[in-house]
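Colleague: Need a 3D model of the following:
(one chain, ligands or ions: 1)
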Amino acid sequence: MNKIKMAWFYPHELNLYGDKGNVEIIKKRCGWFGIDFELVNVTKLTNKNKYIDCNLVFMGGGPDSEQSLVYEDLIQNKKKFLTDYYNNGGVGLFICGAYQLLGKYYQLSDGTKIDGLGLFNFYTKSIGVREKRFVGNVVGNIAHPKTLKLLEEKYKLTSVIGFENHGGRTYFLDDYESFLTLEVGNGNNGETKNEGLVSKGFICSYLHGPILHLNFHLADFLIASALSISVEDLKQIDNKLELLLHKTNKNLFKR
Ligand code: GLN
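Modeller: Residues are numbered from 1 along each chain as shown. As a prediction, the model looks like this:
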């Protein structure tokens, strides 16, 4: 199939700090590559038949209040689809609040726990009001070996940059592979130098920015993975400006 069918879950609730830009970047780059693109906005009311054949899932970040609005629907109505999709190697990008909702639970600042999808064995706890949120720019290097190898070959670019703003600290209860090793920023919990999680076709990250805007190589990786091809097989396009954007911001973020 030479088409990306992207399912954006909860576009109204989970869309923070420009996360919608991730959808725009995928759409734009598909156009440049000559790949058809279709977007399905998946709300609480969307019938599963509308997105069952998607090959790229996206869920953005959201504040505690918005996460509280969607978690029940996520568990009751989307769990089977997302679990099967994940188990079958489906490709997905989950940012911040969405990442947190894939774990066992997210404990809000007032101590209330909201259940997650339980796809992964981790939990996230908000620091409440006494401690500082993790807010700022992030520079990391891809820690996940398979992703790293694929991107190293074509782009010679293995850094990922972005912006984090979260009160939640994420703690793995199983041995998962992190997405990034950090040079700048706090990532999962500020104690380990790890950021995000990669498992099968799912990439979870705390990075807004939007992440795909600042990291075009990652956008291409998602597109290629969704089409079950290698990034090498994508049409050659000029990435001079995208590279400049990435490198300039990376240097700024490191200061
Ligand atoms: N509500 C979550 C937190 O503050 C997620 C915020 C976000 O998506 N940026 O930890």
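Colleague: Point me to the residue of the protein nearest the ligand.
Modeller: Minimum separation of the chain from the ligand (C-beta to the nearest ligand atom) falls at residue 61, amounting to 2.6 Å. (Each C-beta comes from the backbone N, C-alpha and C, glycine too.)
Colleague: In contact with that residue, which residues are there?
Modeller: By C-beta atoms under 8 Å, 6 or more residues apart in numbering, residue 61 lies in contact with 14-17, 19, 95-99, 166, 208.
Colleague: Now distance to residue 255 and secondary structure too, for those residues, in JSON lines please.
Modeller: What follows is the contacts of residue 61, written out as JSON lines (distance: C-beta to C-beta, whole Å; DSSP: H, G, I helix; E, B strand; the rest coil):
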{"residue": "14", "distance to residue 255": "31", "secondary structure": "coil"}
{"residue": "15", "distance to residue 255": "29", "secondary structure": "coil"}
{"residue": "16", "distance to residue 255": "25", "secondary structure": "coil"}
{"residue": "17", "distance to residue 255": "21", "secondary structure": "coil"}
{"residue": "19", "distance to residue 255": "25", "secondary structure": "coil"}
{"residue": "95", "distance to residue 255": "25", "secondary structure": "strand"}
{"residue": "96", "distance to residue 255": "24", "secondary structure": "coil"}
{"residue": "97", "distance to residue 255": "28", "secondary structure": "helix"}
{"residue": "98", "distance to residue 255": "30", "secondary structure": "helix"}
{"residue": "99", "distance to residue 255": "27", "secondary structure": "helix"}
{"residue": "166", "distance to residue 255": "22", "secondary structure": "strand"}
{"residue": "208", "distance to residue 255": "20", "secondary structure": "strand"}
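Colleague: right, and the pair among the residues you listed with maximum separation?
Modeller: Across the contacts of residue 61, the longest distance by C-beta to C-beta is 15.2 Å; it joins 15 and 166.
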